[in-house]
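Participant: fold the following and give me the result.
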Amino acid sequence: MATVSRPPSSYLFLAARPDGGRRVGLKRARDRRHLAEQLRAERMVPLQTWVMPAWLATPEKVGLKDEAELHQQLAQLLSRGVPLTEALEVTSQTVGPKAKPKVQRIRDLVAAGSAFSDACAKAGMFDTITIAVYRAAERTGDLPAAAQQLSTTARRQLAMKGKVGTLLIYPIIVMSISVLVVTMLLTVVVPKVAESMQKDGANLPWVTELLMVTGNGLRNNALWAILAVAALGVLVFLARRTILAGGAWLARRVPLLRDVLLTQEIARFFTVMAAMTRSGIVLAEALGTATTALSHPKLRAELETMRTKLIEGGVLRVLIERVESMPLGTRRLLIAAERSGDLESAFDTLAEDTVEELDVKTTRLMAALEPALLVLMFLMVGSLILAIMVPIIQATAERVG
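Facilitator: Down below sits the predicted model:
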């Protein structure tokens, strides 16, 4: 009777390093024995291990940078006639510590007779798209070309991730600084100024008195305030999927930002399609796999409908016209490429062009975001400053009068 492999769990571990130090980290393993083998492969000795709850654990993912490096190394080595097991052994020395055990496991599985794509699936190294590309390349016998195309795909996705990451980091930094300044003003500056003016007999506006009471309350109950913030952080973590889904829904309706998100999704689609079609995967199968990489509901629904109609015998050029989420120029280029029978090159060209377009739109959004964040920062900090300045100006005017 066939045994069912146990799904990997997440473990929190405390291990001893070769230099005598200690390391705390997270790893996914089938059991504690498998975890110990992974740690020993990294020259560490497990001291304590704890199984993480399923709702708290997050899968240990291999970064795009390591993926790009792995594909590039495989492409170079395999194209020069290096056997696959030796190429994987060399590649395991060039990737990061998170990817190294997975690459070594792939090498062991390949050495034991498994197909490369099956070994990648068992090791949990890549997503379904990458595995599908390698599986198709095994049928055609052209693994080096597939690895090179996947390297290009990973680097494009890394560039897109960097652009969107930069777009998100700037508002986070500005808002964090604003919150820190507001907290300092509210708990230190406003109460002291308000109390000093009350001693001088000045009549404070109700807004200043409210801020003074709030600031004193936060300062006198700092521990409870910190615990409340921590509890809020835990709630946000537990509801992170709902919050992210709501944030994505809102972002797709904000001018400029929705264009950036849609362009990012289109660029991801063409990047994946370029990798899959060049590996010999038929168009309908490539569409079915590529749409799983998309998160934009409208674009994904239109592409899934196009795939369904194509399988039912629809005309591709007519179906492309119905994908209204894509720009008109993009649809026209795809139709022209379909007529000439060169969709593979069209996907590759559109992937490059869309990544460049994403760069332009991200720059425009940043240009619009900077003054908006400055205004928001002024409203947060400036309101507190006005709460201090208005009573001072009123008291000065009364004295002069």
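
Participant: nearest residue to Val193 other than its sequence neighbours?
Facilitator: Residue nearest to Val193 in three dimensions, not counting chain neighbours: Ile388, with 5.1 Å by C-beta to C-beta, 6 or more residues apart in numbering. The way it works is simple: take the backbone N, C-alpha and C, and place the C-beta from them, glycine included.

Participant: run through the residues that contact the one you found.
Facilitator: In this structure, Ile388 makes contact with Val189, Val190, Val193, Ala194, Thr208, judged by C-beta atoms under 8 Å, 6 or more residues apart in numbering.

Participant: next one: Asp127
Facilitator: By C-beta under 8 Å, 6+ apart, the residues touching Asp127 are Ala293.

Participant: next, give phi and psi for it.
Facilitator: Main-chain dihedrals, Asp127, degrees, to the nearest 10: phi -80, psi 180.

Participant: how close does it sit to Gly162?
Facilitator: Distance of Asp127 to Gly162, given as C-beta to C-beta, to the nearest Å: 19 Å.

Participant: and what about the residue nearest to Val193, helix, strand or coil?
Facilitator: With DSSP: H, G, I helix; E, B strand; the rest coil as the basis, Ile388 sits in helix.

Participant: can you check the pLDDT for it?
Facilitator: On pLDDT, Ile388 comes in at 74.

Participant: Val318 now?
Facilitator: 89.

Participant: my guess is Ala36 is in a helix, correct?
Facilitator: Yes. Assessed by three-state DSSP, Ala36 belongs to a helix.

Participant: my read: Ile281 touches Ala136, true?
Facilitator: Yes. With contact defined as C-beta atoms under 8 Å, Ile281 counts as touching Ala136 (4.7 Å).

Participant: what's the helix or strand hosting Arg23 packed up against?
Facilitator: Assignment of secondary structure by DSSP states H and E places Arg23 within strand 22-29. Contacts defined by 3 or more C-beta pairs under 8 Å, 6 or more residues apart in numbering; DSSP states H and E place strand 22-29 against strand 9-16, helix 32-41.

Participant: most neighbours per residue, which of these?
Facilitator: Using mean count of other C-beta atoms under 10 Å, the stretch among these with the largest mean neighbour count is strand 9-16, at a mean of 18.

Participant: show me what it is in contact with.
Facilitator: For strand 9-16, the surrounding residues in contact (C-beta under 8 Å, 6+ apart) are 22-32, 35, 39, 44-52, 54, 57-60.

Participant: contacting residues for the closest residue to Thr208 other than its chain neighbours?
Facilitator: Once flanking residues are discounted, Thr208 sits nearest to Ala387: 4.7 Å by C-beta to C-beta, 6+ apart. Ala387 makes contacts with Val190, Pro205, Val207, Thr208, Leu211, as judged by C-beta under 8 Å, 6+ apart.

Participant: strands - which of those residues land there?
Facilitator: The strands in this structure, assigned by DSSP state E, contain none of these.

Participant: and the gap between Gly113 and Ala119?
Facilitator: Counting by C-beta to C-beta - Gly113 and Ala119 are separated by 10 Å.

Participant: higher neighbour count, the two?
Facilitator: Set side by side, Gly113 and Ala119 show more neighbours around Ala119, with 24 against 8, by other C-beta atoms under 10 Å.

Participant: residue contacts, the more buried one?
Facilitator: Arg105, Ile106, Leu109, Val110.

Participant: nearest spatial neighbour of Val174, chain-adjacent residues omitted?
Facilitator: Distance criterion C-beta to C-beta, 6+ apart; nearest residue to Val174, sequence neighbours excluded, is Leu373 at 4.6 Å.

Participant: got the contact list for the one you found?
Facilitator: Per C-beta under 8 Å, 6+ apart, neighbours of Leu373: Tyr170, Pro171, Val174, Met175.

Participant: do Phe116 as well
Facilitator: Listed by C-beta under 8 Å, 6+ apart, the contact partners of Phe116 are Leu84, Ile106, Val110, Tyr134, Glu138, Leu143.

Participant: number of nearby residues for Ala123?
Facilitator: For Ala123, using other C-beta under 10 Å, the count is 19.

Participant: also Gly141?
Facilitator: 8.

Participant: how about the contacts made by Val207?
Facilitator: When contacts are counted by C-beta under 8 Å, 6+ apart, Val207 is found next to Ala387.
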